[in-house]
Structure formats: structure tokens, C-alpha cells
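1. generate a structure from the sequence data that follows.
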Amino acid sequence: MPAREVITAADGLRSPLLSQAIKYGDTIYLSGSVGMDFTTMKLIEGSVADRTKKALQNLEIVLKEAGSSLNNLLKVNIYIKSMQDYAAMNHAYTEMIPDPKPARTCVAVADLPMGTDVEIECTAHL
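-> Below is the predicted model of the structure:
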């Protein structure tokens, strides 16, 4: 049985509450990411599309550290505060995620960390 390996990207969020990612065998499980600039530790300004792109860029940093990329996504879970943001989020998502698109879920939730309007988590392979 393979051992769990914690993935920590130097440019990623560091928190005592979670690992940026866990690699188990050939699969990488990434924690949720928001559209945060890790140098300022603040959400980026702009639209839900801007924060969607930034969240995906943040996930991409961790994927690269693990030896993977957005090309290897298997499953993506997206949490948005309002389904009225669905089209704008989808526009940014389709610009960032290469074909073939991974399996995906998107749900509207009551609240998200730091008051953001979008959070994204994913699973990928090496």
C-alpha cells in the first residue's frame, strides 16, 4: 500500500488546518482554493470570473509541485455563493481548463471562506 505524501508548494497557502494536497499513489487530492493572492493574503478584487481564474491558478501551482497539471484533472468541485454567478464562473473555467474537461460538480452554498464567491477543489492524477 502506498504512503500518503503531503504536497506543499512554496508559493501556496500555508495553514495549520489543512494540507495543500495529499498524494496517494498516482492520485493527488487538493484542498479547496479561493481567489487569494498569497503575498497579500487577501482576495483579489474584481469579478467572480477573476477569482475563479485565480483559484485555478493557485491549484495549478500545487499540481505542478506534485508533478501534475490542469491537464490531469479527474474531478473538480466548485462552490459558488449564487447561481447567478454560474455563467461568469463557467466562462473563466472553460478558458483555464483544457479539454477533455474533467468530471465536475458545481453547487451554490450559503457562505464561503473570507466572504469569497467561489471556491474550487479538485482531484488529479500524475
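
2. would you mark the buried spots in stretch 78-87?
-> 78-81, 85 (16 or more other C-beta atoms under 10 Å). The way it works is simple: take the backbone N, C-alpha and C, and place the C-beta from them, glycine included.

3. a markdown table for these, including secondary structure?
-> Shown next, in a markdown table, are the buried residues of stretch 78-87 (DSSP: H, G, I helix; E, B strand; the rest coil):
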| residue | secondary structure |
| --- | --- |
| 78 | strand |
| 79 | strand |
| 80 | strand |
| 81 | coil |
| 85 | helix |
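
4. could I get the residues you listed as CSV with distance to residue 23 and pLDDT?
-> Compiled in CSV, those are given as follows (distance: C-beta to C-beta, whole Å; pLDDT from 0 to 100):
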residue, distance to residue 23, pLDDT
78, 22, 98
79, 23, 98
80, 28, 98
81, 30, 98
85, 31, 98
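
5. relative to residue 34, how far out is residue 20?
-> 13 Å (C-beta to C-beta, to the nearest Å).

6. wait, residue 44
-> 9 Å.

7. repeat for residue 108
-> Applying C-beta to C-beta to residue 108 and residue 34 gives a distance of 16 Å.

8. the more surrounded of those two?
-> Higher neighbour count among residue 108 and residue 34: residue 34, with 22 against 13, using other C-beta atoms under 10 Å.

9. can you pull the contacts of the more buried one?
-> 43, 51, 55, 58, 112-114, 116, 118-119 (C-beta atoms under 8 Å, 6 or more residues apart in numbering).

10. same thing but at 6 Å, please
-> Neighbour list for residue 34: 55, 116, 119 [criterion: C-beta atoms under 6 Å, 6 or more residues apart in numbering].

11. quick one: what helix or strand has the last one in it?
-> Under the criterion DSSP states H and E, the helix or strand holding residue 119 is strand 118-125.
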